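Asks: have a look at this prediction, sequence included:
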Amino acid sequence: MNVTFETVICAWDEKIPALLIQLVNTLLFCRTEEELRQSIDKLRETTELDEYFTYGYGSHHFWCNQRISKGNVLFIQSRLFIAEF
């Protein structure tokens with residue numbers, strides 16, 4: 001996976017840096033799209049990933065945006081990063 005950050009990280013909560021590192025490490029250790037999807041599902045179950053970030057999949061990439069506040073429906077419009085697989 002190739003992870004490219006596209007904007008600054010807003011660490012408005014002390015949990016964000018550790019969670020973001022865990023997310024990026026998860027991405028970097030995956031070798032296939034299927035492995036990535038399974039790893040993200042597991043990360044969702046074991047962390048508060050959905051409370052701080054919104055994300056999804058494109059045809060050849062995974063994208064991530066940061067939420068404005070914990071659990072908020074709104075998110076920062078600039079994409080935080082993209083991971084190409």
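Replies: That came through, no problem.
Asks: please count neighbours and contacts with C-alpha atoms only from this point.
Replies: Will do.
Asks: the host helix or strand of residue 64: how far from the chain's middle?
Replies: For residue 64, the element it lies in under DSSP states H and E is strand 61-66. For strand 61-66, the separation from the chain centroid amounts to 5 Å (computed by Cα atoms, centre = their mean, to the nearest Å).
Asks: beyond that strand, next helix or strand please.
Replies: Moving toward the C-terminus from strand 61-66, the next helix or strand (DSSP H and E) is strand 81-84.
Asks: pLDDT of that next one, averaged?
Replies: Strand 81-84 shows a mean pLDDT of 96.
Asks: may I see the buried residues of it?
Replies: Of all the residues in strand 81-84, those buried under the rule 16 or more other Cα atoms under 10 Å are 81, 82, 83, 84.
Asks: name the nearest of the residues you listed relative to residue 59.
Replies: residue 84 (9.4 Å; Cα to Cα).
Asks: so what pairs up with the closest one in the strands?
Replies: In this entry, residue 84 is beta-bridged to residue 2, residue 61, by DSSP bridges.
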